[in-house]
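1. sequence plus the predicted model coming up.
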Amino acid sequence: MSGSTSRTDDTVVLLTVSNPGNRGVLVDWIRDAPDYSLVEVPPDAGPGGRLPAFDICLADAAGLRAIAGDFRERRSRERPFLPCLLVETRSGAFDRLPSEIHGLVDDVVTTPLDPARLRFRIDTLTRRRRLDEELRRTERRYRRLFELAPSPKFLVEDGAIKAMNRAAEGLLGRDREAVRGEPLASFVASEDRETLREIIDTAPADITPARPTPRTIAFETDESTAVCECSAVLTGEGDERLVLAQDVTERIARERRLELYRRAMDEATVGISISDPSLPDNPLIYVNDRFTEITGYDREEALGRNCRFLQGEGTSEETVRKLRQAIDAERPVSVTIRNYRKNGEPFHNALEVMPVRNAAGEVTNYLGFQRDVTESVRQQQGLSVLDRVLRHNVRNRMNVVLGYADQLDDHDDPAVREVAERITDAGEDLLRQSESARRFRDVIDESSQTAERRDLVGIVMDAIEEVAAAYPNADIRTDFPDQAIVQADESVRLGVLELIENALEHGQPPVVVRITVDEDAATLSVSDRGSGIPPEERNVFGGEEEKPTEHAGGVGLWLVRWTTERVGGQIAYDESTPATVRLQFRTVSETDVDDGDDDGDT
């Protein structure tokens, strides 16, 4: 209904009857009716005056002539249907109405008026008005849903586009008015046009779980090609079809990438596993072929279980604790852990575990990489034993040599004393190298393999303090910033110590130790005014590995290089005066490298 009424559910009746007798009867009857409200044309409205809001007009011929223009304008402007009921005497006034007014009348009642018949006519017309109003609301709602739907939709008749929504405009890259009447097939790849025809021809009248079945076709424009899943349904309006398209280009590309990733993981030469921490006990949900080869367990035996099923009585509790700490902290970790195959055979597993996060930063899975390094560990263990034996024998035998050389220090022959001094110098140098190698090996064995955030200034100051204790008269000059946070581990301090000792031992004072920091790196420079590093020992600064045939007496500079490169640093040498060795380390922010408070990750 429109207009104000005494009750919101009343039917508002506009009364424009000129016959006084009929008018009086109708006014009384409408006012007494429980669900009608009466409105009339204001006396001062005049021709062209605006009519009040109403649901039905009750008029005689003269009254309708008086408001014909306004009534026609209201009908053309207002939706829904606005009815007019003509009150006619038996004189045939309706037939004498002009055609332009005749067309405004929807029904006729004759006098004398029968209240029941009058009510039936009014209620019938107003019911039609309400149905029309509801139909129009529904139509607007569905048009809005059609227009705002996120997926492309086309109204097609005889294969031609009648209408399409905004998403369809985006799909075709064309304005709807520009393509109205064009065949929809003209925007489809030639090899898919027959498929589109079948979709349209077999469109069902009703949508069910089984029908219509989407089929894949490609829409082509000048700029791009979009792969869509399409279906069609009859609209009930003649031959008209509603064609629905769902752009699945990105989904198909994503599925192809995922299939590529799956094949790559399945065929990888390292074991790969994925666990789901949202499930109880963080079970494995994927393992690749190499995982099953390494462990001896089939996929069915591994999936659904926490990966601890590979552990056994010989598994290090400390390593397990490190893994648990990392998983609790949602951090990556790398360990070598003793695991057991299905047949009970132990093996050493180089395990890397890292969390996988979603767009919100939440851990959704853990990705694990497994490598069987049993042979490598056995070799390392053998080399470690050999290393200890050799160091023990070198130290003991060299002490014997030095003891004999010491006995020759007081020999009467100066040539013998000179040889004894050379033997002593060479022996002591060999012992120092052996000690440097031992210290380096101890640090590598004991320190974490994961670099940490460390202050290079603090590392260098600690090294200088240790050197100064052994060389109390050393002339060491420094130039440091307040701090230089770099990626480093405990072995870096050993390399710095070796570098400064080497400058004091073989160079000329003063030894200048300087640290500079730029946006990406911190550089440690150690300079002295000696003759520089002998050419035969500069191989350490090349990109190649150490070669036995080129290797000179000392291993100190190799220790410096190894301790620098193992944390991602670089070593360089400047032979100009003063000769300078530079160590460059990557600077890090607070979030780049984990602090060393936790033992690790996973």
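-> Cool, got the structure. All figures in this text were calculated on a predicted structure; none of them were measured in a lab.

2. got phi/psi on residue 222?
-> Main-chain torsions, residue 222, degrees, to the nearest 10: phi -60, psi -30.

3. with adjacent residues omitted, what lies nearest to it?
-> residue 173 (7.3 Å; Cβ to Cβ, 6 or more residues apart in numbering). The C-beta positions use only the backbone N, C-alpha and C, and glycine is treated the same way.

4. was I right to think the one you found contacts residue 223?
-> Yes. Between residue 173 and residue 223 there is a contact under Cβ atoms under 8 Å: 6.0 Å.

5. neighbour count: those two, which is higher?
-> residue 173 (13 against 6; other Cβ atoms under 10 Å).

6. how about that one, phi and psi?
-> phi 70, psi 30.

7. now do the contacts for it.
-> 221, 222, 223, 224 (Cβ atoms under 8 Å, 6 or more residues apart in numbering).

8. okay if I get those residues as a markdown table plus distance to residue 68 and secondary structure?
-> Putting these into a markdown table (distance: Cβ to Cβ, whole Å; DSSP: H, G, I helix; E, B strand; the rest coil) gives the following:
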| residue | distance to residue 68 | secondary structure |
| --- | --- | --- |
| 221 | 53 | coil |
| 222 | 55 | coil |
| 223 | 56 | coil |
| 224 | 57 | coil |
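
9. select from these the one having the most neighbours.
-> Neighbour tally across those (other Cβ under 10 Å): the maximum, 12 neighbours, falls on residue 221.

10. mind pulling up the pLDDT for that one?
-> What the model reports as pLDDT for residue 221 is 82.

11. what about it, distance to residue 169?
-> 11 Å (Cβ to Cβ, to the nearest Å).

12. what is in contact with these two at once?
-> By Cβ under 8 Å, 6+ apart, no residue touches both residue 221 and residue 169.

13. secondary structure class of the residue of the chain most remote from its centre, three-state.
-> Here the centre of the chain is the reference, and by Cα atoms, centre = their mean the most remote residue is residue 412, at 83.3 Å. At residue 412, secondary structure determined by DSSP: H, G, I helix; E, B strand; the rest coil is coil.

14. ok, now which ones touch it?
-> Counting by Cβ under 8 Å, 6+ apart, there are no residues that residue 412 touches.

15. residue 368 now?
-> Residue 368 touches 271, 272, 273, 274, 275, 307, 351, 352, 353, counting by Cβ under 8 Å, 6+ apart.

16. which of the residues you listed count as buried?
-> With burial judged by 16 or more other Cβ atoms under 10 Å, the buried subset of the contacts of residue 368 is 271, 272, 273, 274, 275, 307, 351, 352, 353.

17. quick check: of the residues you listed, which lies closest to residue 51?
-> residue 274 (73.6 Å; Cβ to Cβ).

18. secondary structure element holding the nearest residue in space to the closest one that is not next to it in sequence?
-> Leaving aside its sequence neighbours, residue 274 sits nearest to residue 286 (Cβ to Cβ, 6+ apart; 4.1 Å). Following DSSP states H and E, one finds residue 286 within strand 284-287.

19. how about residue 293?
-> helix 289-295.

20. next helix or strand past that helix?
-> Tracing the chain past helix 289-295, the next element assigned as helix or strand by DSSP H and E is helix 299-302.

21. residue 65: what's it in contact with?
-> Taking Cβ under 8 Å, 6+ apart, we find residue 65 in contact with residue 101.

22. what packs against the helix holding residue 293?
-> strand 271-275, helix 299-302, strand 363-372 (3 or more Cβ pairs under 8 Å, 6 or more residues apart in numbering; DSSP states H and E).

23. of all the ones you listed, which lies closest to residue 126?
-> Closest among the helices and strands packed on helix 289-295, using Cβ to Cβ: strand 363-372, at 60.3 Å.

24. got the angle for that closest one vs strand 271-275?
-> Relative orientation of strand 363-372 versus strand 271-275 (axes from the mean of the first three to the mean of the last three Cα atoms, to 10 degrees): 160 degrees.

25. list the buried residues in strand 363-372.
-> 365, 366, 367, 368, 369, 370, 371, 372.

26. how much space between the fifth one and residue 306?
-> This means residue 369. 17 Å.

27. ranges for the helices of the stretch 151-300 of the chain?
-> 166-172, 176-179, 193-201, 249-266, 289-295, 299-302 (DSSP state H, counting those that start in this stretch).

28. name the helices or strands packed onto the first one?
-> Think helix 166-172. strand 153-157, helix 176-179, strand 240-247.

29. what sits up against it?
-> 147-154, 164, 175-176, 179, 187, 219, 221, 226, 228, 245, 247.

30. run the last query once more with 6 Å
-> 150, 151, 152, 154, 176, 187, 219, 226 (Cβ atoms under 6 Å, 6 or more residues apart in numbering).

31. show the backbone phi and psi for the second one.
-> What it means is residue 151. Dihedral angles (degrees, to the nearest 10) for residue 151: phi -100, psi 150.

32. beta-bridge partners for the closest residue to it other than its chain neighbours, please?
-> Spatial nearest neighbour of residue 151, chain neighbours left out: residue 246 (5.0 Å); criterion: Cβ to Cβ, 6+ apart. Note on residue 246: beta-bridge partners by DSSP bridges are residue 229.

33. so how many other residues sit close to residue 246?
-> For residue 246, the neighbour count with other Cβ under 10 Å is 16.

34. repeat for residue 143
-> So residue 143, with other Cβ under 10 Å, has 12 neighbours.

35. tell me the secondary structure for the residue most central in space within the chain?
-> The chain has residue 359 as the residue nearest its centroid, 4.1 Å off, counting by Cα atoms, centre = their mean. The three-state assignment at residue 359 reads coil, by three-state DSSP.

36. and stretch 250-260, C-alpha only, in CSV?
-> Output in CSV follows, covering the C-alpha atoms of stretch 250-260 (Å, rounded to 0.1, in the frame of the first residue of the first chain):
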residue,chain,number,x,y,z
GLU,A,250,43.5,-19.6,-11.4
ARG,A,251,42.2,-22.8,-9.7
ILE,A,252,43.3,-24.9,-12.7
ALA,A,253,46.8,-23.2,-12.7
ARG,A,254,47.0,-23.7,-8.9
GLU,A,255,46.0,-27.4,-9.3
ARG,A,256,48.6,-27.8,-12.0
ARG,A,257,51.2,-26.2,-9.7
LEU,A,258,50.2,-28.4,-6.8
GLU,A,259,50.4,-31.5,-9.0
LEU,A,260,53.9,-30.4,-10.1
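
37. state the mean pLDDT of that stretch.
-> 86.

38. so which residues make contact with that stretch?
-> Applying Cβ under 6 Å, 6+ apart, the contact partners of stretch 250-260 are residue 227.

39. and for stretch 341-360?
-> 295-297, 314, 330, 332-340, 363-374, 377, 602.

40. list the buried residues of that stretch.
-> Neighbour-count burial for stretch 341-360 flags 341, 347, 348, 349, 350, 351, 352, 353, 354, 355 (criterion: 16+ other Cβ under 10 Å).

41. can you give me the distance of residue 105 to residue 572?
-> In terms of Cβ to Cβ, residue 105 sits 103 Å off from residue 572.

42. neighbour count for these two, which is higher?
-> Using other Cβ under 10 Å as the criterion, residue 105 and residue 572 rank with residue 105 on top: 18 against 12.
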